[in-house]
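A.B. asks: with the input below, show me the fold.
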Amino acid sequence: MDQPKIKNLKLNFFLPLLSATAVLRKEKYFRVLLQSAVDKDFNSKKIYEALLQTYLFAGFPSALLSLKIFNEYFSNKDQNEKYNLKEFTLRGIVNCKKVYGVKYDKLISKVSSFSPDLSEWLIVEGYGKTLGRKSLSMKERELCIVSILTALKFEDQLISHIRGAIRCGNSKEEIEKSLRNFGLIGENKIAKWGIEILYKTYA
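C.D. replies: Now for the predicted structure:
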């Protein structure tokens, strides 16, 4: 790992790299990144949120492990958000439309065609309860999600979230830079794959 480059990472590029490192289960690099965050006094609430949302893409076991390690470096004192189905549904629709734009209705219809349950959970659990939480903007969340989906090589979802990241305010250059940072954790092949998808999406 290139320690000087890690130390020079700004928070907006640190969070996507940390998210990818977490879902790839690269604990050594993960701990180096967390210690760097401590040294630079990065916002622990943002780091917590970035790791919490990984459960949507990599599952509870992955999120549990990364947040357990996170707790060794930071103390998260925030209160849990109370479950509010109506609020989660409303903000889920708003956030999903931010990401998918005019393709929102097509997305919901398509998912509903093979799983009405998953279609509802996508709104309530995904874009409402989880991605609608405070501390991280949708711009920050989407850049992290692009890195997570690149790490896990979910091509179709990656294409959708590259477009979503752009709609939420990220530039193509910011996305490419965040993907090139995979090289800092020894994953140049994954970086190359992700950048190829980026340019395939925005040729």
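
A.B. asks: all helices for this protein, in order.
C.D. replies: For the chain, the helices defined by DSSP state H cover 3-8, 11-23, 27-39, 44-52, 55-58, 60-73, 85-100, 104-114, 116-121, 138-152, 155-167, 172-180, 188-201.

A.B. asks: average pLDDT for the longest one?
C.D. replies: For helix 85-100, the mean per-residue pLDDT is 98.

A.B. asks: in it, what's buried?
C.D. replies: Going by neighbour count (16 or more other Cβ atoms under 10 Å), the buried part of helix 85-100 is 88-89, 91-93, 95-100. Bear in mind the C-beta positions are built from the backbone N, C-alpha and C, glycine included.

A.B. asks: distance to A151 added to those residues, as JSON lines?
C.D. replies: Output for those, formatted as JSON lines (distance: Cβ to Cβ, whole Å):
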{"residue": "F88", "distance to A151": "27"}
{"residue": "T89", "distance to A151": "30"}
{"residue": "R91", "distance to A151": "27"}
{"residue": "G92", "distance to A151": "24"}
{"residue": "I93", "distance to A151": "28"}
{"residue": "N95", "distance to A151": "22"}
{"residue": "C96", "distance to A151": "22"}
{"residue": "K97", "distance to A151": "26"}
{"residue": "K98", "distance to A151": "23"}
{"residue": "V99", "distance to A151": "19"}
{"residue": "Y100", "distance to A151": "22"}
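
A.B. asks: and of the helices of the chain, who's closest to K129?
C.D. replies: Smallest distance to K129 across those (Cβ to Cβ): 4.5 Å, for helix 85-100.

A.B. asks: rebuild the helices of the chain as CSV, extending it with distance to T130.
C.D. replies: Formatted as CSV, the helices of the chain follow (distance: least, Cβ to Cβ, whole Å):
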stretch, distance to T130
helix 3-8, 27
helix 11-23, 13
helix 27-39, 21
helix 44-52, 7
helix 55-58, 6
helix 60-73, 10
helix 85-100, 9
helix 104-114, 17
helix 116-121, 10
helix 138-152, 9
helix 155-167, 14
helix 172-180, 20
helix 188-201, 23
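
A.B. asks: okay, now the unreliable bits of the chain?
C.D. replies: 1-4, 77-79, 203 (pLDDT under 70).

A.B. asks: show me the domain layout of this protein.
C.D. replies: Listed domain ranges for the chain are 3-76+131-201, 85-130 (source: automatic domain parsing).

A.B. asks: which stretch among those is buried most, on average?
C.D. replies: Among the domains of the chain, the stretch with the highest mean neighbour count (mean count of other Cβ atoms under 10 Å) is domain 3-76+131-201, at a mean of 19.

A.B. asks: how about the residue lying closest to C144 once chain neighbours are set aside, what does it touch?
C.D. replies: Nearest residue to C144 in three dimensions, chain neighbours excluded: S19, at 4.4 Å (Cβ to Cβ, 6 or more residues apart in numbering). Neighbouring residues of S19 by Cβ atoms under 8 Å, 6 or more residues apart in numbering: 50-51, 53-54, 144-145, 147-148.

A.B. asks: could you redo the last one with a cut-off of 7 Å?
C.D. replies: By Cβ atoms under 7 Å, 6 or more residues apart in numbering, the contact list for S19 reads 50-51, 54, 144, 147-148.
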